[in-house]
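Undergrad: I would like to see how this sequence folds:
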Amino acid sequence: MGIEASEKEPENKDEVDVRPSVSFELLNAIDHPVLISSFGEVKPLEMTVLSAQVSGEVISWHPNFVAGGLVKRGDILFRIEKDAYEAALLQAEAEISLAEATLIEEQARQKVAMNESRNLPATQVSDLYLRKPQVLSAQAQLKSAQAKYRIAQRDLENCDVKAPYDALVISRDIGTGQFVSMGTKVAEINNIEAAEIIFPVAGFDSKFLPSSINDNPATITTKELVSVSRDAYLQRDLGVVNQVTRMNHLVVRVDDPYSLNTKLPSLKFGTYVEVSFAGKELKNVFKVPQTLVNNRKVWLLDENQQLQSHAVEVIREEGSFFYISSGLKENDKLVMTLPEYPQNGMAVKVIGKANNPLASATN
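TA: Down below sits the predicted model:
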């Protein structure tokens, strides 16, 4: 009885669950518009070397007609002394008046000759008698005078050299009082009504380009301390593959890069920018963080709360995500937190759904 009294009661021990803990997310298929991005340099739409079209002395120039100055289409960049060209225009006007008078006189004589020819035999009436050559000569003289007038008028107008477009002045090679000859280079300007960025498209992005390139919207972003974004549009495909990089090249255009007519931030020529635009839309794909894909496989949780490895096909990589086209199905349980050494058929303990970026996949 004493031995039995001193015997300890057996302890009731609970079984220890040694299964590793995991969390999961339910997968949902989405339609995802592909975002294609690349880099390029902002360049002017066109560059023009201005030359004088008439000879003469420079008498004045626009205050903004200096290196770095901005001028608008139609602004007078500089003026050339006009006296000689105004005189030439007056002389051309006088020649027109003289030619018109000569023509009127010859037409009157022709009318008299035609009236007289009615009383003459047909054999005596010739073109010379009817003054047809004289009238044609007078008409030719009038046309020649009119041509000289147009040239004189053009030369006079060319004394005021105007900006052919909204422009950034790169250099100016003349000054007040300087004599310039016809054809002399006077300045170099760049068109700022629009700018272009030529950028490469990598091979893995080429298959996701939109079916129609022209006029598709795009966004341009600078990679500086203070980032600047501007709306743009795809303009064209250069139509060739670079022999060195084997890449296609596209052109995107942005209007008014220097914001001459708007209050948008300016985009200077030579700036290195990122170009982004929407490509094709991926249908019924699954958005999965790259960290969960290893050797093109992901881990799923089956109905018995066991791990199963599934091979998948990654169709697209963007940022920190893979877009998977096959190997997964709707409402599959994607394991978000894996044990250290996962194995097929490993029993696990589910601790609930994970807070992860997949929640944004339905957006």
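Undergrad: Check which residues of the longest helix seen in the chain are buried.
TA: Longest helix of the chain, by residue count under DSSP state H: helix 83-117. Along helix 83-117, these residues count as buried under the neighbour rule (16 or more other C-beta atoms under 10 Å): 85, 88-89, 92, 95-96, 99, 102-103, 106, 110, 113. Placement of C-beta: from N, CA and C, glycine included.
Undergrad: now do stretch 137-154
TA: In terms of neighbour count (16+ other C-beta under 10 Å), stretch 137-154 has its buried residues at 138, 141-142, 145, 148-149, 152.
Undergrad: re the thing from before, gap between the longest helix of the chain and the chain center?
TA: 56 Å (C-alpha atoms, centre = their mean, to the nearest Å).
Undergrad: can you check stretch 318-338 too?
TA: Relative to its chain's centre, stretch 318-338 lies at 36 Å (C-alpha atoms, centre = their mean).
Undergrad: Just the terminal-to-terminal distance for that stretch.
TA: Across its full length, stretch 318-338 reaches 23 Å between end residues, using C-alpha to C-alpha, to the nearest Å.
Undergrad: and that stretch, what's its mean pLDDT?
TA: For stretch 318-338, the mean per-residue pLDDT is 89.
Undergrad: cool, stretch 100-107 as well?
TA: Mean predicted lDDT for stretch 100-107 stands at 92.
Undergrad: can you list contacts of that stretch?
TA: With C-beta atoms under 8 Å, 6 or more residues apart in numbering as the test, stretch 100-107 has contacts from 131, 134-135, 137-139, 141-142.
Undergrad: ok, those vs Gly270, which is closest?
TA: Of all these, Gly270 sits closest to Leu142, with 55.0 Å by C-beta to C-beta.
Undergrad: In contact with that closest one, which residues?
TA: Going by C-beta under 8 Å, 6+ apart, Leu142 touches 96, 99-100, 102-103.
Undergrad: before we move on, which element is Ser38 in?
TA: If you go by DSSP states H and E, Ser38 is part of strand 30-44.
Undergrad: who does the following helix or strand past that strand pair up with?
TA: Once strand 30-44 ends, the next helix or strand along the chain (criterion: DSSP H and E) is strand 47-51. Using DSSP bridges, the strands paired with strand 47-51 are strand 185-191 (antiparallel).
Undergrad: List the buried residues in the partner strand.
TA: 186-191.
Undergrad: okay, the buried residues of stretch 137-154 in JSON lines with distance to Val201 and pLDDT next?
TA: Below are the buried residues of stretch 137-154 laid out as JSON lines (distance: C-beta to C-beta, whole Å; pLDDT from 0 to 100):
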{"residue": "Ala138", "distance to Val201": "67", "pLDDT": "92"}
{"residue": "Gln141", "distance to Val201": "64", "pLDDT": "93"}
{"residue": "Leu142", "distance to Val201": "61", "pLDDT": "94"}
{"residue": "Ala145", "distance to Val201": "60", "pLDDT": "94"}
{"residue": "Lys148", "distance to Val201": "56", "pLDDT": "95"}
{"residue": "Tyr149", "distance to Val201": "55", "pLDDT": "95"}
{"residue": "Ala152", "distance to Val201": "54", "pLDDT": "95"}
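Undergrad: Could you list the domains of this structure?
TA: The chain breaks down by automatic domain parsing into domains covering 21-33+283-356, 35-45+192-279, 47-81+159-191, 83-157.
Undergrad: Tell me how many other residues crowd the nearest residue to Gly327 once chain neighbours are set aside.
TA: Residue nearest to Gly327 in three dimensions, not counting chain neighbours: Val312, with 3.3 Å by C-beta to C-beta, 6 or more residues apart in numbering. As a burial measure, Val312 scores 17 neighbours (other C-beta atoms under 10 Å).
Undergrad: now do Asn119
TA: Neighbours around Asn119, by other C-beta under 10 Å: 6.
Undergrad: same question, Ala194
TA: 17.
Undergrad: Can you spell out which residues form a bridge with it?
TA: Note on Ala194: beta-bridge partners by DSSP bridges are Asp255.
Undergrad: what about it, distance to Asp256?
TA: As judged by C-beta to C-beta, to the nearest Å, Ala194 and Asp256 stand 7 Å apart.
Undergrad: What of Arg236?
TA: Counting by C-beta to C-beta, the gap from Arg236 to Asp256 is 19 Å.
Undergrad: quick one: which of those two has more around it?
TA: Higher neighbour count among Arg236 and Asp256: Asp256, with 17 against 14, using other C-beta under 10 Å.
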